[in-house]
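K.L.:
Task: produce atomic coordinates for the following.
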Amino acid sequence: MNRVLLVEDEKNIRESVETALSDRYEVSAFDSAEKALTALSDNGFDILITDIKLPGITGIELLKKFKTLSPDSPVIVMTAFSSINSAIEAMKAGADEYVPKPFSLEELEIKTENLLKIKKLKEDKNLYVSQQDSAFGEIAGTSPEINSIKTGISKIAANDVTVLITGETGTGKELIAYTIHKLSGRKGPFVPVHCAAYAKGVIESELFGHEKGAFTGADKLRKGRIETAQDGTLFLDELGDIPPDIQVKLLRVLENKTYERVGGSKSLSTNARVLCATNRNLEELIKKGEFREDLFYRVNVFPINIPPLRERKGDIQPLAETFASRRGSFTINTAGKNALLAYSWPGNVRELQNIIERAVILSTGSELNITDALGKPAAEAESPGNGGLENIVEAFEKKIIEASLKNNNYNQTKASKELQISRTTLQYKIQKYSITEKTGD
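P.N.:
Residues are numbered from 1 along each chain as shown. Take a look at the predicted model:
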């Protein structure tokens, strides 16, 4: 609920405006700028509605101080016709609207609503921009697994159901959540919360917000992520890391759409859609008593599992080309494609993105140097132990040859051309690495 700071020294006007706005907003009304500034130092407000002529500090002075503390929050000034010059001065000082006295309450309500909508649109745009960079971009890949996920997303995006996205680290869970949000038609922001990043005493305040004085250091009211996600989507990443006592409060949000700020007693409501993700086995956590069973059933309404990249190798090349295109006009030669296919990708899509970015740096022309970029992680990941450089190189070479043979239906002539080695050398290495041929030439 938006918070309105109302300042008017005429009691009848102040009470009429407060009554008119209280049905939709949380209104704090004062008869002087001094009292309003005290409240402003303790709490945050989404809009200021003030008379220009006030006893003591004037409305224009209040406006300037309000804009200093809340530069993105709009201001409406109220003024008599005889003070129209003061209204112009107020507009120059940063006021967004003015209403001349006498005014209709309906006019003030409309202007208040419009300004708060504009403020929210600006906030949403900033959130979208900041979050788009953290996602992997559009979903790339044509494997049956990815196509199935895309079909599922199209079915549930516009339905207000809770979704649980599972998969290993780096598979793109946040991208899936962001895509669902984009297709949902919701006008509010996409608000991610990476639950594993917060200590137990911090995650509650981060989610639900807190009142002033709720704990040491809480010197002013703070909105939580749930409140920020109003009209939009709340994405809870690493859900399995939320402490059990916070799980109870989250369950209430999912069931009743209500919650309280930390240190507060007033019940607040939310219409935010909740999407969740985890790389942990929640059913195992339930058995250990670390995750609530009722919460699991509430978030697992529509499950989406993202397979690891090693199980959908058909997506590796489209993803690599997508990441490369963001850095310029780059190509990946056949040897590079084979190297990508031969690697097991323990870090999944995120690791692939990093490898392509490294290849861009290492390459001197338009052809990406995949082999050098992949050398270090390949050696680390594929080595079964400290087998020495020779064993590591041989294991990597074997995988590249196997991938090339498979891509060419085990046609040795085509594979040798692709690998840029002689057919005799290829046959030697097939024998050396005990590679089983599916078919002959």
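K.L.:
Just give me the residue closest to the centre of this structure.
P.N.:
residue 192 (3.8 Å; Cα atoms, centre = their mean).
K.L.:
So what pairs up with that residue in the strands?
P.N.:
Under the criterion DSSP bridges, residue 192 forms beta bridges with residue 235.
K.L.:
just checking, it touches residue 233?
P.N.:
No: in this structure, residue 192 is not within contact of residue 233 by Cβ atoms under 8 Å, at 9.0 Å. All C-beta atoms are positioned from the backbone trio N, CA, C, and that covers glycine.
K.L.:
Find residues that contact each of these two.
P.N.:
Among the neighbours of residue 192, those also in contact with residue 233 (Cβ atoms under 8 Å, 6 or more residues apart in numbering) are residue 177.
K.L.:
so where's the stretch 1-150 of the chain uncertain?
P.N.:
Along the stretch 1-150 of the chain, segments meeting pLDDT under 70 span 81-84, 123-138.
K.L.:
the helices in it, which residues?
P.N.:
Applying DSSP state H, counting those that start in this stretch to the stretch 1-150 of the chain gives helices spanning 11-21, 33-42, 59-69, 84-93, 105-132, 144-156.
K.L.:
Output the first one as PDB, restricted to C-alpha atoms.
P.N.:
I take that to be helix 11-21. Provided in PDB are the C-alpha atoms of helix 11-21 (Å, rounded to 0.1, in the frame of the first residue of the first chain):
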ATOM      1  CA  LYS A  11      -8.400  21.300   9.600                       C
ATOM      2  CA  ASN A  12     -11.500  20.800   7.500                       C
ATOM      3  CA  ILE A  13      -9.500  20.400   4.300                       C
ATOM      4  CA  ARG A  14      -6.900  18.200   5.900                       C
ATOM      5  CA  GLU A  15      -9.600  15.800   7.300                       C
ATOM      6  CA  SER A  16     -11.600  15.700   4.100                       C
ATOM      7  CA  VAL A  17      -8.500  14.800   2.000                       C
ATOM      8  CA  GLU A  18      -7.400  12.200   4.600                       C
ATOM      9  CA  THR A  19     -10.800  10.600   4.500                       C
ATOM     10  CA  ALA A  20     -11.000  10.500   0.700                       C
ATOM     11  CA  LEU A  21      -7.500   8.900   0.300                       C
END
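K.L.:
Give me the distance between the residue nearest to residue 2 when sequence neighbours are not counted and residue 117.
P.N.:
Counting by Cβ to Cβ, 6 or more residues apart in numbering, residue 2 lies nearest to residue 46, which is 4.3 Å off, once chain neighbours are set aside. Separation of residue 46 from residue 117 (Cβ to Cβ, to the nearest Å) stands at 11 Å.
K.L.:
Looking at the two, which is more packed in?
P.N.:
Counted by other Cβ atoms under 10 Å, residue 46 and residue 117 do not tie: residue 46 has more neighbours, with 22 against 11.
K.L.:
contacting residues for the more buried one?
P.N.:
By Cβ under 8 Å, 6+ apart, the residues touching residue 46 are 2-4, 73, 116, 119.
K.L.:
so who does the closest residue to residue 213 other than its chain neighbours touch?
P.N.:
Among residues not flanking residue 213 along the chain, residue 263 sits closest, at 6.5 Å (Cβ to Cβ, 6+ apart). Each residue near residue 263 by Cβ under 8 Å, 6+ apart is listed here: 210-215, 218.
K.L.:
ok, 6 Å please
P.N.:
Residues counted as contacts of residue 263 (Cβ atoms under 6 Å, 6 or more residues apart in numbering) are 210-211, 214.
K.L.:
Look up how far residue 306 lies from it.
P.N.:
Per Cβ to Cβ, residue 263 is found 38 Å from residue 306.
K.L.:
Check residue 427 too.
P.N.:
Distance of residue 427 to residue 306, computed by Cβ to Cβ: 40 Å.
K.L.:
How about the secondary structure of residue 188?
P.N.:
Put simply, residue 188 is coil when judged by DSSP: H, G, I helix; E, B strand; the rest coil.
K.L.:
Quick check: the residue nearest to residue 2 vs residue 94, distance?
P.N.:
Residue 46 is 15 Å from residue 94, where distance means Cβ to Cβ.
K.L.:
again with residue 23
P.N.:
Going from residue 23 to residue 94 by Cβ to Cβ gives 28 Å.
K.L.:
Looking at the two, which has the bigger crowd around it?
P.N.:
With neighbours defined as other Cβ under 10 Å, residue 23 and residue 94 compare such that residue 94 has more, 15 against 8.
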